[in-house]
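Novice: Return a 3D structure for these sequence lines:
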Amino acid sequence: MRNTYLWFLQLVTGILIAVLLGVHMVLMHLDAILGFFGVYVNDVTSWGSMIERSRQGIWAGLYIALLAVVLYHALNGLRNVILELTPSARTERVVTWAIVAFGIVAFVWCSYVPIALLSA
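Specialist: Numbers count the residues shown, from 1 in each chain. Modelled structure (predicted):
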C-alpha cells in the first residue's frame, strides 16, 4: 500500500510540474503568445523585473511550490531507481534517509532567495 501511495504522489507531482512549469514558461519566455491574447509584458527577463516579481507573494509561492514538487519528483524517482538495484532492507532505509536529508537541505537552501526577497 505504501508504494502505491508514493507512486500516486509521483504521478501527481508530474502533473503539477507540467502545470507550474507551463505557467512559468508562458509568462516568462513566451511573450508572443501573451501578445496574441492582448497581454503585453515589458522585458520579463530583466534584472529589475525579476526582483520586482520575486517580491510579490504569488511569484515567491509559485517558485517555492515548483521547487518542492520538482525535488520530490526527482528524488523519489532516484530513490526508486537505486532501490531496484539494492534489495536489502537496511540499504533501503539508508538510501531513503539520505535522500530525505538531501531533499530537505536542498529545499531550505534553494527557497532562501525567494523568501529573502519577499521579506525585503
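
Novice: pLDDT value on the closest residue to V70 other than its chain neighbours, please?
Specialist: Spatial nearest neighbour of V70, chain neighbours left out: I17 (6.0 Å); criterion: C-beta to C-beta, 6 or more residues apart in numbering. Backbone N, C-alpha and C define where each C-beta goes, glycine included. Note for I17: predicted pLDDT of 95.

Novice: Then A120?
Specialist: At A120, the model reports a pLDDT of 69.

Novice: Not counting sequence-adjacent ones, nearest residue to P114?
Specialist: With C-beta to C-beta, 6+ apart as the criterion, P114 has its nearest non-adjacent residue at 4.2 Å, and that residue is A60.

Novice: What residues does that neighbour make contact with?
Specialist: Going by C-beta atoms under 8 Å, 6 or more residues apart in numbering, A60 touches 54, 114-115, 117-118.

Novice: ditto for F8
Specialist: No residues are in contact with F8 under the rule C-beta under 8 Å, 6+ apart.

Novice: and the gap between it and P114?
Specialist: According to C-beta to C-beta, to the nearest Å, F8 stands 28 Å off from P114.

Novice: quick revisit: mind listing what the residue nearest to V70 touches?
Specialist: Contact analysis of I17 by C-beta under 8 Å, 6+ apart lists 66, 69-70, 73.

Novice: who wins for neighbours among those?
Specialist: V69 (21 neighbours; other C-beta atoms under 10 Å).

Novice: Pull the number of nearby residues for L117.
Specialist: Neighbours of L117 using other C-beta under 10 Å come to 18.
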